[in-house]
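A.B. asks: need a structure here:
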Amino acid sequence: MTITNSISGLVPKNFKHAKKYVSVTKLALVGGAGLSFVDLICDLIMVNEYTELNEQGYANATIAAVGLSLVLQLIVVLVSNSKLAKSRILLEMLYVVTFVKPGVDVYRVSTGKKAATGSRSNPYNEMIYVRAIELFAECILIIVISIFQLISFGLFLFLMNPSYRSIFSSPKTGSQEACISFKNAENDHARFNVLKLEKTLWRPIEEDIRKWINGNLEGWLKLEDEGGEEFSNNKKALILDELVEDKGLLTRIM
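C.D. replies: Numbers count the residues shown, from 1 in each chain. Predicted coordinates:
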């Protein structure tokens, strides 16, 4: 009696665990299919953004990855269902090209649907093949773009002015670098380079820049009148009106 009660007590418990396991599995399958669809939407958004940024190479790479995934999935469908009726093969291919194949596979697996008579693969294996193809195509895209970016960045660092390379390795912010460059500049020409940056970067030293401009502006204009070339039109254009206190001098640089 005790043994019977023990066994009868275990069966419902195990059955509940089995139901819970099946529910979690179905949830995971549905979630995976949903992520596949979200991934497709992300790919389309990426293509659109790359096109708008005139990065057609990246857009083409994304399209190629999606196209490769579709072609491989179509091959799997053709091989698996080659012995079925043409209408069934066309239906399976339609699932692929409309990007609903992952959802169809999940439905078949979660409902325990058996493979069609004559099919070379069951729904579970076909689902695994499709997921593996999606992963393979995405990996190729990521690897190609990553390698291209690494090579491009390496060439960029190699060809750029060596004095600017510290920008990519320095722990300082852009604003800190701008302030240091201005304060440590050897001459006025180097200080004018700081004014080429966004104002937000040199805002912390705006007062120092204001004093520097107003203390030297008259001298620069005088040098220009005497035939000097130090104060060019390009430098005048860098001086913001709000930084000049003498309105008479301001009219001369406008």
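
A.B. asks: only C-alpha atoms for contact and neighbour calcs from this point on.
C.D. replies: OK.

A.B. asks: how near is the residue most central in space within the chain to residue 101?
C.D. replies: In the chain, the residue lying closest to the centroid (CA atoms, centre = their mean) is residue 46, at 7.7 Å. As defined by CA to CA, to the nearest Å, residue 46 lies at a distance of 22 Å from residue 101.

A.B. asks: With residue 219 instead?
C.D. replies: Per CA to CA, residue 219 is found 75 Å from residue 101.

A.B. asks: more neighbours, the two?
C.D. replies: Legend: neighbour count by other CA atoms under 10 Å for residue 219 and residue 101, higher for residue 101 (22 against 12).

A.B. asks: Report the contact partners of that one.
C.D. replies: Contacts for residue 101 (CA atoms under 8 Å, 6 or more residues apart in numbering) come out as 92, 95.

A.B. asks: Model confidence score at it, please.
C.D. replies: With respect to pLDDT, residue 101 has a value of 82.

A.B. asks: With residue 169 instead?
C.D. replies: For residue 169, the predicted pLDDT is 68.

A.B. asks: What of residue 151?
C.D. replies: For residue 151, the model assigns a pLDDT of 92.

A.B. asks: Output the contacting helices and strands for the strand or helix carrying it.
C.D. replies: Here residue 151, judged by DSSP states H and E, is contained in helix 123-159. Here helix 123-159 touches helix 56-80, helix 101-110, going by 3 or more CA pairs under 8 Å, 6 or more residues apart in numbering; DSSP states H and E.

A.B. asks: What residues sit buried inside the longest one?
C.D. replies: Pointing back at helix 56-80 there. Going by neighbour count (16 or more other CA atoms under 10 Å), the buried part of helix 56-80 is 58-59, 61-63, 65-66, 68-70, 72-74, 76-78, 80.

A.B. asks: same check, this time on stretch 92-103
C.D. replies: 92-93, 95-96, 100-103.

A.B. asks: pull the CA atoms of stretch 81-99 into PDB?
C.D. replies: C-alpha atoms of stretch 81-99 as PDB (Å, rounded to 0.1, in the frame of the first residue of the first chain):
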ATOM      1  CA  ASN A  81      10.600  18.000 -50.000                       C
ATOM      2  CA  SER A  82      11.800  17.000 -53.500                       C
ATOM      3  CA  LYS A  83       9.600  13.900 -53.400                       C
ATOM      4  CA  LEU A  84       6.400  15.800 -52.500                       C
ATOM      5  CA  ALA A  85       3.900  17.400 -54.800                       C
ATOM      6  CA  LYS A  86       5.000  20.600 -56.600                       C
ATOM      7  CA  SER A  87       2.300  22.600 -54.900                       C
ATOM      8  CA  ARG A  88       3.700  21.600 -51.500                       C
ATOM      9  CA  ILE A  89       7.200  22.400 -52.600                       C
ATOM     10  CA  LEU A  90       6.100  25.900 -53.800                       C
ATOM     11  CA  LEU A  91       4.200  26.400 -50.500                       C
ATOM     12  CA  GLU A  92       7.400  25.600 -48.500                       C
ATOM     13  CA  MET A  93       9.400  27.900 -50.700                       C
ATOM     14  CA  LEU A  94       6.800  30.700 -50.200                       C
ATOM     15  CA  TYR A  95       7.300  30.300 -46.400                       C
ATOM     16  CA  VAL A  96      11.000  31.000 -47.000                       C
ATOM     17  CA  VAL A  97      10.800  34.000 -49.300                       C
ATOM     18  CA  THR A  98       8.100  35.600 -47.100                       C
ATOM     19  CA  PHE A  99      10.400  35.200 -44.000                       C
END
